[in-house]
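In: Build me a structure from this.
(2 chains)
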Amino acid sequence: MIEVLNLNGGSMKQWIGTGGQQHFFSTTGVLKSAGLVLIMIGILIFGGGVALNPAMAADTTINCDAHKGVCSQSSGDLTVSLEISPRPVKAMQDLVFKVSITGASPAKPPHIDLGMPAMKMGPNQVALKPLGPGIYEGTGVIVRCPSGKRIWFANVIVPGAGEVKFIFDVIY
Amino acid sequence: MSSCRGRERLNLYSMSFIDPLYPIFLVTGFTVGFGHCIGMCGPIVVSLSLNLKDKNFLIPHLLYNSGRVVTYSILGGVMGATGSFTLVASHIAGIQKGAMIFAGILIILMGLAMSGLISFGKVFGDSYNPGGFISKGFQRLSRGKSSAAYFPIGLLLGLLPCGPVYTALLAAAGAGMKATGPLEAIITGMGVMMCFGLGTLPALFLVAKLADMGWLKKREFIYRIGAVLMIAVGIYFIIQGIRY
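Out: Below you'll find the predicted structure:
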């Protein structure tokens, strides 16, 4: 049995009697409950799914097979070659990043931003030091993501000339 | 934030300014908190909130997060002291795997306890050994008479493997390498990680508040749904921990 008693402050309150028991509900409370369920589902499933599986929501087209050797990418006149060693490229170990630049003369030494597509992993920069004309080298670490997703990017920033992004997979 | 301010006292050790890494990682913690941390730690925070039922959420979550930040700071200090991320990371990998499996088990137990299907006492055989260490600990947690249990949970779960935490630890190790002495290296590493941990607090407190059920008049069906979700998430954590 449902009996509408009154309208109180815009919130409809009802007494629901079943088998001699009566429970108090408010429309606002039910709506909040439903909202909370959605929030919980959002956190537990969307958060646990998308955030832990960022590759689902991102452009993860691999444009570099870093395990095989040198990769090259161009942006306008700028051409950048990247070599990561030792190979195969594994997470959680010291890696050497060797960069060769043609078509531009950077005002300052370039650097590399490491990250995962569509997920903020925090600032992970590799400082590059010049080895010779247009050749730079630096050491860094690709950290492991517990989700198991292995696609990472290395964005080579060349001051005054632009940037080039390498997307590759990493062995965990 | 005391560490961030305390950094100024490092003038004694040749430092003349607040390390820019501190605000950088405070902001990093804040931003990744609303993305990565909600996905990774959100289920744990929701589990803790739901398990509190009618009790105030603030103190337990403050203790949980304090434990987490303390663990981060200790790890940061170790990273700073050694100056080698990969060396320390390789040594704590096994502990992190265990922490992830523990988190999964904890979430499942809380889900079971919340569902009313099984009590912590039955799980750990309290009737057989009521004075046991594990039994006592979980009795205290499940009864919730003391919120203190949330601090060691935070300490342990601060070891959960997490990409952004690794990145912050990497920075802590790098800062340690640049330090002029061991004390400065340790304090700088701790400061970086403390700032990172503090930055993650708003997101996790928001999740805790959203999952706080005190305002609901009828909560049992929420608890039932939450219990099922918690058990599912706990299983996911255990599988991920085993595979890690």
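In: Backbone dihedrals for residue B:211, please?
Out: The phi and psi values for residue B:211, taken as degrees, to the nearest 10, are phi -90, psi 0.
In: any idea how far it lies from residue B:226?
Out: Relative to residue B:226, residue B:211 is positioned 8 Å away (Cβ to Cβ, to the nearest Å). Placement of C-beta: from N, CA and C, glycine included.
In: okay, the two: which has more neighbours?
Out: Ranked by neighbour count (other Cβ atoms under 10 Å in any protein chain shown), residue B:211 and residue B:226 place residue B:226 first, with 27 against 24.
In: which ones are touching the more buried one?
Out: Neighbour list for residue B:226: A:40, B:46, B:50, B:111, B:114 [criterion: Cβ atoms under 8 Å, 6 or more residues apart in numbering or on different chains].
In: who wins for most neighbours among the residues you listed?
Out: Neighbour counts for the contacts of residue B:226 (other Cβ under 10 Å) peak at residue B:46, which has 27 neighbours.
In: In chain B, what residue comes closest to chain A?
Out: residue B:39 (2.5 Å; Cβ to the nearest Cβ).
In: Assign a three-state SS to that residue, would you?
Out: helix (DSSP: H, G, I helix; E, B strand; the rest coil).
In: In the helix or strand where residue B:185 lies, which residues are buried?
Out: Element membership of residue B:185, judged by DSSP states H and E, is helix B:182-210. The neighbour-count check on helix B:182-210 (16 or more other Cβ atoms under 10 Å in any protein chain shown) flags B:184-201, B:203-205, B:207-208, B:210 as buried.
In: Ok, stretch A:84-100 next?
Out: A:84, A:89, A:91-92, A:95, A:97-100.
In: What of stretch A:62-82?
Out: By neighbour count on 16+ other Cβ under 10 Å, the buried set for stretch A:62-82 is A:64, A:66, A:71, A:73, A:75, A:78-82.
In: give me the number of residues near residue B:243?
Out: Other residues close to residue B:243 by other Cβ under 10 Å number 11.
In: shouldn't residue B:235 be in contact with residue B:104?
Out: Yes. The criterion here is Cβ atoms under 8 Å, and residue B:235 meets it with residue B:104 at 6.7 Å.
In: Looking at those two, which is more packed in?
Out: Taking neighbours as other Cβ under 10 Å, residue B:235 and residue B:104 compare with residue B:104 leading, 23 against 15.
In: and the more buried one, what helix or strand is that in?
Out: helix B:85-115.
In: what about the residue of chain B closest to chain A, how many residues close to it?
Out: Using other Cβ under 10 Å, residue B:39 has 22 neighbouring residues.
In: so what's residue B:218 scoring on pLDDT?
Out: Note on residue B:218: pLDDT of 58.
In: correction: residue A:105
Out: The predicted structure scores residue A:105 at 84 on the pLDDT scale.
In: In terms of helix, strand or coil, where does it fall?
Out: Under three-state DSSP, residue A:105 comes out as coil.
In: what residues are up against it?
Out: residue A:161 are the contacts of residue A:105 under Cβ under 8 Å, 6+ apart.
In: What are the boundaries of the helices in the chain?
Out: No chain specified, so I'll use chain A. A:27-41 (DSSP state H).
In: actually chain B
Out: According to DSSP H, the helices that chain B contains are B:2-6, B:21-32, B:38-40, B:42-52, B:58-82, B:85-115, B:120-123, B:133-143, B:150-157, B:163-178, B:182-210, B:220-243.
In: These: which one's closest to residue A:166?
Out: Residue A:166 lies closest to helix B:163-178 among the helices of chain B, at 18.5 Å (Cβ to Cβ).
In: if we can go back for a sec, quick check, nearest of the buried residues of stretch A:62-82 to chain B?
Out: residue A:66 (18.2 Å).
In: Does that closest one touch residue A:166 like I think?
Out: Yes. Between residue A:66 and residue A:166 there is a contact under Cβ under 8 Å: 7.4 Å.
In: Overlap of the contact sets of these two?
Out: The contact sets of residue A:66 and residue A:166 overlap at residue A:82 (Cβ under 8 Å, 6+ apart).
In: Any idea how many residues pack against residue B:148?
Out: Around residue B:148 there are 12 other residues, counting by other Cβ under 10 Å.
In: still on that earlier bit, rounded mean pLDDT for the helix holding residue B:104, please.
Out: For helix B:85-115, mean pLDDT rounds to 85.
In: and the angle for it with helix B:163-178?
Out: Computed by axes from the mean of the first three to the mean of the last three Cα atoms, to 10 degrees, the angle separating helix B:85-115 from helix B:163-178 equals 150 degrees.
In: which other helices and strands contact helix B:85-115?
Out: Under the contact definition 3 or more Cβ pairs under 8 Å, 6 or more residues apart in numbering or on different chains; DSSP states H and E, helix B:85-115 sits against helix B:42-52, helix B:58-82, helix B:120-123, helix B:150-157, helix B:163-178, helix B:220-243.
In: ok, of those helices, where does mean pLDDT dip lowest?
Out: Among these, helix B:120-123 scores lowest, at a mean of 50.
In: Show me where chain A dips below the pLDDT cut-off.
Out: For chain A, the stretches with pLDDT under 70 are A:1-59, A:118.
In: who are the neighbours in contact with residue A:75?
Out: Going by Cβ under 8 Å, 6+ apart, the list of residues near residue A:75 reads A:162-164.
In: For it, list each beta-bridge partner.
Out: Beta bridges link residue A:75 to residue A:78, judged by DSSP bridges.
In: What's the separation between it and residue A:116?
Out: According to Cβ to Cβ, residue A:75 and residue A:116 sit 21 Å apart.
In: Same question for residue A:92.
Out: Here the criterion is Cβ to Cβ. By it, residue A:92 lies 14 Å from residue A:116.
In: number of nearby residues for residue B:61?
Out: Neighbourhood size, residue B:61 [other Cβ under 10 Å]: 25.
In: can you redo the buried residues of stretch A:84-100 as TSV with distance to residue B:67?
Out: Below are the buried residues of stretch A:84-100 laid out as TSV (distance: Cβ to Cβ, whole Å):
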residue	distance to residue B:67
A:84	37
A:89	35
A:91	27
A:92	25
A:95	33
A:97	36
A:98	42
A:99	42
A:100	47
